[in-house]
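Student: I'll drop the sequence and a predicted model, then ask my questions.
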Amino acid sequence: MPKQEPAPEPQPESASEPARDSAPGPVPEPRPAPTPLTPAQAFDALYEFSAPALLRQTFLLTGRREQARESVERAFQTAWERWPEVARDRDPVGWVRATAYEYALSPWQRFRPRHRHPEPPPADPGDRTLLNTLLRLPPRHRRTLVLYDGVGLDLPETAAETEASTPAAAHRLLRAREAVADRLPALADPQVLHQRLAELASNERLGAARPPSVRRGGERRARFRTRAAIAFTVALIGTTALTVRTAPTHYEPPVSPGQAVRGVPPRVAPGSLSDEELELRQKLRDQLQDGPERLSPRLE
């Protein structure tokens, strides 16, 4: 049997020969970095994103269209004044929502002249009944119900935004649901209640102002408060200076009122001397002047 020659060993590829699969392709051009938004652009984006929903939610709290619009605009004006803080917040929408709810549910709102003239109710009878039922709830219960069943927050977030403990928020939510179910048994199901709240808020036409006008309004309020603070400080300094200038430098005891003194004989003016008194006076004068008893100084 003939001897087989060993197969030739494979020669390693030359390092100078480029590999077919490792041929460099076209290098992708780097994407340009996104241009950062200015504070005004970031504020406008936040306003356009969240203002319509906040208007509808605030309308559920107050039942008044104009008050809802003013509350949301005032909340965004406050956010623009404190924009560095709001921009770094974990939930800017929640920050503005809490401010709008606090302004809308403030107790002094009832003393404003607009509350003397009620606004026209919703056209749909079902919406009108549901809105009246919501307005009969206490403000804290109404806010908890809107946040949980309207906005869709979970219970811890609802408790944090209403500044209450989780058990307290749960108790308010249950009480609010019971009150709504007593008047509207069809809304006992939370899912149905959530849908009806969304329909009630969506059926109302609530126009929001443009972001630039809101920013200008906030800047005007800031300038007014600054000028009012300066005027108050100047008035306080002037009043203090006038007080220091006119204040007494020493204590003056008050003068006691006069009182009538009884039991003292009235003072009588001396009258003319009698002959005996005149003679005695003349005698005393002669003795004191010429008598030896009187010593008078002399020059030596």
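Tutor: All right, it came through fine. Everything numeric here is computed off the predicted structure, so don't read it as measured data. Numbering: from 1, shown residues only.
Student: Please count neighbours and contacts with C-alpha atoms only from this point.
Tutor: Noted.
Student: average model confidence for the helix or strand hosting residue 241?
Tutor: Per DSSP states H and E: residue 241 is located in helix 211-246. Confidence over helix 211-246 (mean pLDDT, whole number) is 89.
Student: what's stretch 175-183 in contact with?
Tutor: Applying CA atoms under 8 Å, 6 or more residues apart in numbering, the contact partners of stretch 175-183 are 133-134, 137, 141-142, 145, 187-188.
Student: List the buried residues in it.
Tutor: By 16 or more other CA atoms under 10 Å, the buried positions in stretch 175-183 come out as 175-177, 179-181.
Student: Among those, which lie within helices?
Tutor: 175-177, 179-181 (DSSP state H).
Student: before we move on, back to that, elements contacting the helix holding residue 241?
Tutor: The contact analysis (3 or more CA pairs under 8 Å, 6 or more residues apart in numbering; DSSP states H and E) places helix 211-246 against helix 39-62, helix 65-81.
Student: and it with helix 39-62, angle?
Tutor: Put simply, helix 211-246 runs at 90 degrees to helix 39-62, going by axes from the mean of the first three to the mean of the last three CA atoms, to 10 degrees.
Student: by how many degrees do helix 211-246 and helix 65-81 diverge?
Tutor: 70 degrees.
Student: Tell me the helix or strand right after helix 211-246.
Tutor: helix 275-290.
Student: still on that earlier bit, deepest of the helices and strands packed on helix 211-246, which one?
Tutor: helix 65-81 (a mean of 22; mean count of other CA atoms under 10 Å).
Student: what would the helices and strands packed on helix 211-246 look like in a markdown table with mean pLDDT?
Tutor: What follows is the helices and strands packed on helix 211-246, written out as a markdown table (pLDDT from 0 to 100):
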| stretch | mean pLDDT |
| --- | --- |
| helix 39-62 | 90 |
| helix 65-81 | 91 |
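Student: close enough to count as contact, residue 173 and residue 141?
Tutor: Yes - using CA atoms under 8 Å, residue 173 is in contact with residue 141, at 6.3 Å.
Student: and the gap between residue 103 and residue 62?
Tutor: Per CA to CA, to the nearest Å, residue 103 is found 11 Å from residue 62.
Student: list residues touching both of these two?
Tutor: With CA under 8 Å, 6+ apart as the test, residue 103 and residue 62 reach no residue in common.
Student: Measure how buried residue 259 is and give me the count.
Tutor: Residue 259: 6 surrounding residues under other CA atoms under 10 Å.
Student: Residue 254 now?
Tutor: Neighbour tally, residue 254, other CA under 10 Å: 6.
Student: How about residue 117?
Tutor: Count around residue 117 with other CA under 10 Å applied: 7.
Student: Okay, it and residue 125: tell me how far apart.
Tutor: 21 Å.
Student: Please name the residues that touch residue 209.
Tutor: Applying CA under 8 Å, 6+ apart, the residues near residue 209 are residue 73.
Student: Quick check: it vs residue 136, distance?
Tutor: Residue 209 is 30 Å from residue 136, by CA to CA.
Student: if I pick residue 104, what's in contact with it?
Tutor: Counting by CA under 8 Å, 6+ apart, residue 104 has contacts 58, 61-62, 67-68, 71.
Student: pLDDT on stretch 258-270, on average?
Tutor: pLDDT averaged over stretch 258-270 gives 78.
Student: how long is that stretch end to end?
Tutor: 27 Å.
Student: Ok, stretch 145-164 next?
Tutor: 14 Å.
Student: so how many other residues sit close to residue 250?
Tutor: By other CA under 10 Å, neighbour count at residue 250 equals 6.
Student: Let's see the pLDDT reported for it.
Tutor: 83.
Student: any idea how far residue 257 is from it?
Tutor: In terms of CA to CA, residue 250 sits 21 Å off from residue 257.
Student: got it, and residue 139?
Tutor: Going from residue 139 to residue 257 by CA to CA gives 62 Å.
Student: Between those two, which has more neighbouring residues?
Tutor: Just comparing residue 139 and residue 257: by other CA under 10 Å the higher neighbour count belongs to residue 139, 16 against 5.
Student: All good on my end, thank you.
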